[in-house]
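# What follows is a predicted protein model with its sequence.
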Amino acid sequence: GNYKDDLKRLLCSSLSKDDDEEDAQMTQEMKGYDKQANKLDLELEKFKKRKEEEEEEIKGPIMSISNDSLSYERFYPGRILGNTFQITNKSPKKAEVTLSFTTEGLDKKFALEKLMEFYEVSSKEEIEQPYLGLLDKPFVNSQELYNCWYIEDPKTKSLVKKASLILDPEDSYEFIIVLKSPVIKKPQFLLTNVKC
C-alpha cells in the first residue's frame, strides 16, 4: 500500500503503545500512592491508640496532695511558723509543679470550719470572741498587706514567693510553707491559698 498509510499505522500503534505504557505507569504510581496512604492511615491509628492509652493512664488529676489545708492555729505576733504538705506526680511522665500564693477561694465557710476544728466545737456560737466577730468582717489580704507567706525553694532552700520543681513519675516532694507572722496589735485571720 501507500507509504502514508504505513506511516499512519506505525504512528497510531506507537501512540496507543505510549498510552498503554503511560496508563501502566500511572497505575503503578497510583498503587504507590495507595500504599503510602495506607501507611499514613496505620500511623494515624497507632497515634490515636497511643493517645487513648495515655489518657487512660492519667485518669484524674496529674498531681495529688497529701492534705488540702495547713493550720498554724493560734500564735503570738512576730513568730516564724512552718508547715508542710506533699505533692505527688501521678502521671506516667515527668511533670513540672509550680507553687505560688493567691487569695482566690478563701471564704468565710472555710474559716468557720477551721475555727470550729480548732476550738473543737459543733456550732459557730461556741467560738470565742474576738475570733467569732472576725467572721463578720471582710478578710484581710495578708499576703498583700503584710508580705508574710513564703515557700521554701526546693533547689536553693531560700524563702521565695514562687517555686518550681520537676517531678518524675510517681515521685513526691514535701513543700514547706512558711508564715512570718507580722507584729500587729489586734487579733486577725492570716489566710492564703497555694496555687499549684
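Perfect, thanks for sending it. Numbers count the residues shown, from 1 in each chain.
# And Glu117, what's its pLDDT?
Note on Glu117: pLDDT of 82.
# whoops, I mixed them up, Ser164
pLDDT, Ser164: 92.
# That one reaches Val97, doesn't it?
Yes - the criterion here is CB atoms under 8 Å, and Ser164 meets it with Val97 at 7.0 Å. Using the backbone N, CA and C atoms, a C-beta is placed for each residue, glycine as well.
# Looking at those two, which has the bigger crowd around it?
Using other CB atoms under 10 Å, the more surrounded residue of Ser164 and Val97 is Val97, with 19 against 13.
# what comes up buried for the helix or strand where that one lies?
Assigned by DSSP states H and E, Val97 belongs to strand 95-102. Across strand 95-102, burial judged by 16 or more other CB atoms under 10 Å covers Ala95, Val97, Leu99, Phe101.
# With just CA atoms, put the next helix or strand after that strand into PDB.
As assigned by DSSP H and E, the chain's next helix or strand after strand 95-102 is helix 108-119. Provided in PDB are the C-alpha atoms of helix 108-119 (Å, rounded to 0.1, in the frame of the first residue of the first chain):
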ATOM      1  CA  LYS A 108     -15.800  32.500 105.500                       C
ATOM      2  CA  LYS A 109     -17.200  29.000 105.300                       C
ATOM      3  CA  PHE A 110     -13.700  27.600 105.200                       C
ATOM      4  CA  ALA A 111     -12.500  29.900 108.000                       C
ATOM      5  CA  LEU A 112     -15.500  28.900 110.200                       C
ATOM      6  CA  GLU A 113     -14.800  25.100 109.600                       C
ATOM      7  CA  LYS A 114     -11.100  25.700 110.700                       C
ATOM      8  CA  LEU A 115     -12.100  27.700 113.800                       C
ATOM      9  CA  MET A 116     -14.700  25.000 114.800                       C
ATOM     10  CA  GLU A 117     -12.000  22.300 114.400                       C
ATOM     11  CA  PHE A 118      -9.500  24.400 116.500                       C
ATOM     12  CA  TYR A 119     -12.000  25.000 119.300                       C
END
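# who's in contact with helix 108-119?
Identification of contacts with helix 108-119 by CB atoms under 8 Å, 6 or more residues apart in numbering yields 69, 71, 73-74, 122-124, 126-128, 131-132, 135, 139, 189, 191.
# The protein: helices as residue ranges?
3-57, 108-119, 131-134, 142-146 (DSSP state H).
# Just give me the residue closest to the centre of this structure.
Ile62 (6.7 Å; CA atoms, centre = their mean).
# quick one: low-confidence parts of the chain?
When residues are selected by pLDDT under 70, those of the chain lie in 1-33, 51-61, 63, 67-69, 72.
# circling back to that earlier point, and the residue nearest to the centre of the chain, how far from Tyr76?
Distance of Ile62 to Tyr76, computed by CB to CB, to the nearest Å: 39 Å.
# repeat for Asn89
Asn89 is 38 Å from Tyr76, by CB to CB.
# between these two, who's got more neighbours?
Applying other CB under 10 Å to Asn89 and Tyr76 shows that Asn89 carries more neighbours, namely 22 against 7.
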